[in-house]
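Peer 1: Fold the following and give me the result.
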Amino acid sequence: MIKKKIIRRICKIIFLIINKIPCREGKVPFTNFLNCIKRFLLRKVFIKVGNDANIRPNIRFILGRNISIGNNSSIGYRCYLQDGAQITIGNDVMMGPEVKIYTTNHGTSKEKIMRLQPSVHRPVKIEDDVWIGHNVIILPNVTIGKGAVLGAGAIITKDVEEYAIVGGSPARVLKYRE
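Peer 2: As a prediction, this is how the structure comes out:
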């Protein structure tokens, strides 16, 4: 158990160092090699990292041990995964840059002052074949249905139906994929 924690921490540190290396598809010969190294390291930190997952530079996460990424999915530049509870990302998910996924919030009881409120942890699940646009914010306790499209800048406060195209703040259904 202790050995596994040490390996996890070492892999996380190495990942955070190499994660700052920029990669440009087709222009840097070692881009695929770099992604292989990132996947190898994150498999020691995350619950699961699927085959051909594409991890862009400068992603951030809190623990790592609560994150699962499916096959052929990508995490965009400068994304932030606050994994106080489980974050499940399905297969073939495309995530744009600067997406933020939150699983933790503070309690709001009027019986205690805010700084003494306990943290509340709720999972986020993103099903297969989802496209998440630039700068989307996904809040705790949300499920994104299969095939959904989240428009750039959307703030997702509740579940998104399968094949729905949503946008806005808070996000609302604009139409459905045909």
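
Peer 1: Give the helix, strand or coil label for Leu16.
Peer 2: Here Leu16 is recorded as helix under DSSP: H, G, I helix; E, B strand; the rest coil.

Peer 1: what's the burial count for it?
Peer 2: 15 (other C-beta atoms under 10 Å). Just so you know, the C-beta spots here come from the backbone N, C-alpha and C atoms, and that holds for glycine as well.

Peer 1: For it, give its distance to Ser68.
Peer 2: 19 Å (C-beta to C-beta, to the nearest Å).

Peer 1: which stretches of the protein have low pLDDT?
Peer 2: 23-30 (pLDDT under 70).

Peer 1: show me the contacts for the most centrally placed residue in it.
Peer 2: Centroid-nearest residue in the chain, with C-alpha atoms, centre = their mean: Leu81, separated by 4.7 Å. Contact analysis of Leu81 by C-beta atoms under 8 Å, 6 or more residues apart in numbering lists 59-62, 67, 75, 87, 101.

Peer 1: Farthest-apart pair in the residues you listed, please.
Peer 2: Using C-beta to C-beta, the contacts of Leu81 reach their maximum pairwise distance at Ile62 and Ile75, which is 14.4 Å.

Peer 1: Of these two, give the one with the bigger neighbour count.
Peer 2: Each of Ile62 and Ile75 has its neighbours counted (other C-beta under 10 Å); Ile75 has more, 27 against 14.
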